[in-house]
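Asks: sequence? don't have it. structure:
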């Protein structure tokens, strides 16, 4: 069964549209998404972890408890402070 000229024109339009989509497509990000938000990671030096002293940790825990009692979601706290949600639950 031969292809008609209108079908060929339609197929060419599809090819042109697909080529435009491919040209404008951005490569997909691979791997895990970043754990911390960009603001928190910008504060720390790249590759360096922040370690809190005993007094700082006590104050940080106390602040987290008060924030959680106010009803602040754990996801928001973890994004603000650049720590994981699991770490907040652990504290």
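Replies: That came in fine, so what should we check first? What you see is a predicted model; the values in this text were computed from it and never measured. Numbering: from 1, shown residues only.

Asks: run through who's touching the longest helix seen in the chain.
Replies: The single longest helix within the chain, with elements called by DSSP state H, is helix 5-24. Helix 5-24 is contacted from outside by residue 3, using CB atoms under 8 Å, 6 or more residues apart in numbering. (Each C-beta comes from the backbone N, C-alpha and C, glycine too.)

Asks: for it, buried residues please.
Replies: When burial is assessed from 16 or more other CB atoms under 10 Å, helix 5-24 yields no buried residues.

Asks: quick one: average pLDDT of that helix?
Replies: Averaging pLDDT along helix 5-24 yields 94.

Asks: residue contacts, residue 31?
Replies: With contact set as CB under 8 Å, 6+ apart, residue 31 has no partners.

Asks: now it. Its backbone dihedrals?
Replies: Backbone torsions of residue 31, given as degrees, to the nearest 10, read phi 90, psi -170.

Asks: residue 14 versus that one, what's the distance?
Replies: Per CB to CB, to the nearest Å, residue 31 is found 33 Å from residue 14.

Asks: how about residue 56?
Replies: For residue 56 relative to residue 14 (CB to CB), the value is 61 Å.

Asks: can you give the distance from the longest helix of the chain to the centre of its chain?
Replies: 34 Å (CA atoms, centre = their mean, to the nearest Å).

Asks: can you get me a residue count around residue 67?
Replies: Applying other CB atoms under 10 Å, we find 17 residues neighbouring residue 67.

Asks: from here on, count from 50
Replies: With the count now opening at 50, the last piece we talked about shows up as residue 116.

Asks: that one touches residue 129, doesn't it?
Replies: No - between residue 116 and residue 129 there is no contact under CB atoms under 8 Å: 9.0 Å.
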